[in-house]
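S.K.: Compute the structure for the input listed below.
(one chain, ligands or ions: 2)
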Amino acid sequence: MTLVSVEEVRAFVLAACGPGPVVEVPLAEALGAVAAAEVRAPEPVPAFPNSAMDGFAVRAGDVAGGPTTLRVVGTQLAGPVVPVEVGPGEAVRIMTGAAVPPGADAVVMIERTAPSADGTSVVVEVPVEPGTAVRRAGDDLRAGDVVVTPGTLLTPGRLGVLANVGASSVAVHRRPRVGVLSTGDELVDAGAPLVPGQVRDSNRPTLLALVAASGFAPVDLGRVGDDEAAVTTAVRSAVERCDAVLTSGGVSMGDVDLVKVVLDRIGDMRWFQVAVKPAKPFAFGLVGGVPVFGLPGNPVSSMVSFELFARPALRRMAGFRDGDLDRPRVRAVADEHLRRRPDGKVHLVRVVTAWGADGRCRVRSAGGQGSHQLSAMAAADGLAVLSDGEGVGAGDEVEVLLLS
Ligand code: AMP
Ligand code: MG
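M.R.: Ligands and ions are numbered 1, 2, ... in the order given. This next block holds a predicted model:
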C-alpha cells in the first residue's frame, strides 16, 4: 500500500466534514462556541458621554488660566441623569461612569481640585484640554459596527461585547458531540491488577479529554473487544447519537484489526497508510452520514492522528473558518540534535519548547519517541516537523507545531 501525504489525507477528511447546525444559545452557554451569524451594535457604546474619573465636570475654557474657583451647582452620580447644566464659572461633582452634564466639556480628577468645606465651590488647580477624562459616546463601538462575524470563537471578552450591545443569546454552530470508542481484547480499565498480556485503556480518557479541551462535547462509548459483531454494534449505535465518532485501535495490519473491516462493511470508508511517524495507519469515512475517524491504537499515534486529522475536521464542524482549523506552526531552533533515519515519512518529534533570551522559540526532545511512550507525548508541548532525511542538528532551524 502506498504512503499518502498528511496534506492529502487531511484534505480528504475535511471535504467530508461541514459546519454543523445553527442553534441560538444564551450567552451563559456560548463560551467556546463559534458564532454562526454576524452581530452588529444596534446603538453606540458608550451610549452617552460619561466621565472617566471621579472629579468635577467643567468648561475647559473656564480653567485655562491656572487655578480657578468655580461654583458647584450639583452632583451627577453614575445612574439616572439629574437636570443640571454647567454654565460659565460653574462645575458639577461627577463620578466615574456618570453622564457628563450639558455645558461641560471636560472632567478634572478629584485629586487636582480643592472643594470648599461646605461643598458650594471648588478650586480647580490645573488647566485641562476640552475632552479630558470624557468618554465620548460611541468611542468603543458606533451604531452599526460589526462585533462578531461568522466563524468567530466566542471568548470571555467577546461574550462581554455581546452583552454590551444588548444581546442575551447568540447564534452558534452546535458543538459536535464526539463519541470515543476503544477497541482491543487486551484492554482493561483501572481498578483491577493487570494479568500478563493486558494493557490499560489509556486512549479513551486521553481522547475524551482532547475532545473536551478542543471545545467539543465528549461522549464516552466505552470499550469493545476484537470481535466483529461487537465493533459493528458499537459503531452503529454510536453514529445514532453522535455527530462524529473516534475509534482507537484495529486499523493496522494485524490479524484482529477488525475496525477497518467493519467500517468498510457498514460505511463508506477509506483506509490510509499516512507518510508520517507516528500515526501511520488511519481510516476515515462516513457511517450513516456520520464521520468516523479510525485512529491508530498506539497511544502517541492516536493523539497525533487526532491532532492532524480529527481536530481540524471537528473544528470545521464546530464552525471555525478554514484558516483557523490547525494548530499554529513556528520556526524554532533545535537546542540539540534531533535524529531520524530516511524512510519516506515525515517524523513528528515530541518536543518541549522554551523562549530563549534572543526571543526565539527553542526546542529539545521531550523524551522517548516510541509510539507507545505516552510519557514524552504528555510532557511535550510541540511536535517538531522533521522532513525525510537525517534530522536536524543542534542550532538548526526546525518547524514546530505548537500543541498548546
Ligand atoms: P492496534 O492498532 O489495535 O493493533 O493497537 C496498537 C497498539 O496500541 C497495541 O500495543 C495496543 O495494545 C495499543 N492500544 C490499542 N488501544 C489502546 C488503548 N485504548 N489504550 C492503550 N493502548 C492501546
Ligand atoms: Mg487492537
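
S.K.: Now do the helices in the chain.
M.R.: Along the chain, the stretches classed as helices by DSSP state H are 6-15, 156-164, 203-213, 228-241, 258-266, 299-305, 311-318, 374-379.

S.K.: For residue 290, find the nearest of the ones you listed.
M.R.: Closest approach to residue 290 among the helices of the chain (CB to CB): helix 228-241, 4.0 Å. Every C-beta, even on glycine, is put in place using the N, C-alpha and C of the backbone.

S.K.: sorry, back to before: weakest of the helices of the chain by average pLDDT?
M.R.: Mean pLDDT per stretch puts helix 258-266 lowest among those, at a mean of 93.

S.K.: Which strands or helices does it pack on?
M.R.: Identification of packing neighbours for helix 258-266 by 3 or more CB pairs under 8 Å, 6 or more residues apart in numbering; DSSP states H and E yields helix 228-241, strand 268-273, strand 281-287, strand 290-295.

S.K.: if we compare these, which one ends up closest to residue 376?
M.R.: Relative to residue 376, the nearest member of the helices and strands packed on helix 258-266 by CB to CB is strand 290-295, separated by 18.7 Å.

S.K.: and residue 162, how many neighbours does it have?
M.R.: 21 (other CB atoms under 10 Å).

S.K.: same thing with the one 5 residues further on?
M.R.: When neighbours are defined as other CB under 10 Å, residue 167 has 19 of them.

S.K.: Ok, the one 5 residues further on next?
M.R.: Close neighbours of residue 172, defined as other CB under 10 Å, add up to 25.

S.K.: With residue 65 instead?
M.R.: Neighbourhood size, residue 65 [other CB under 10 Å]: 8.

S.K.: need the contact list for it.
M.R.: Counting by CB atoms under 8 Å, 6 or more residues apart in numbering, residue 65 makes contact with residue 127.

S.K.: still on that earlier bit, CSV please, covering the helices of the chain and showing distance to ligand 2.
M.R.: What follows is those, written out as CSV (distance: least, CB to the ion, whole Å):
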stretch, distance to ligand 2
helix 6-15, 21
helix 156-164, 42
helix 203-213, 10
helix 228-241, 10
helix 258-266, 8
helix 299-305, 11
helix 311-318, 23
helix 374-379, 16
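
S.K.: Among those, which comes closest to ligand 1?
M.R.: Ligand 1 lies closest, by CB to the nearest ligand atom, to one member of the helices of the chain: helix 203-213, at 3.2 Å.

S.K.: list the helices and strands the closest one packs on?
M.R.: Applying 3+ CB pairs under 8 Å, 6+ apart, one finds that helix 203-213 makes contact with strand 177-183, strand 217-224, strand 244-248, helix 299-305.

S.K.: what number of residues lie near residue 326?
M.R.: With other CB under 10 Å as criterion, residue 326 counts 15.

S.K.: Isn't it up against residue 309?
M.R.: No: here residue 326 does not reach residue 309: they are 10.7 Å apart, not a contact under CB atoms under 8 Å.

S.K.: So residue 75 sits against residue 91, correct?
M.R.: No: between residue 75 and residue 91 there is no contact under CB under 8 Å: 10.5 Å.

S.K.: quick one, which of the two is more surrounded?
M.R.: More crowded of residue 75 and residue 91, by other CB under 10 Å: residue 91, with 30 against 14.

S.K.: Model confidence score at that one, please.
M.R.: Looking at residue 91, the pLDDT reads 98.

S.K.: Use 568 as the first number for this chain going forward.
M.R.: In the new numbering, first residue 568, that becomes residue 658.

S.K.: Wait, it touches residue 639, no?
M.R.: Yes: the criterion here is CB under 8 Å, and residue 658 meets it with residue 639 at 5.5 Å.

S.K.: which of the helices of the chain is buried the deepest?
M.R.: Highest mean neighbour count among the helices of the chain (mean count of other CB atoms under 10 Å): helix 866-872, with a mean of 27.

S.K.: Grab the CA positions of it and hand them over as CSV.
M.R.: The C-alpha coordinates for helix 866-872 follow below in CSV (Å, rounded to 0.1, in the frame of the first residue of the first chain):
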residue,chain,number,x,y,z
PRO,A,866,-1.2,5.9,22.4
VAL,A,867,1.1,8.5,20.9
SER,A,868,-0.2,7.7,17.4
SER,A,869,-3.8,8.1,18.4
MET,A,870,-3.1,11.6,19.9
VAL,A,871,-1.0,12.7,16.9
SER,A,872,-3.7,11.3,14.5
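
S.K.: Many thanks, I have nothing further to ask.
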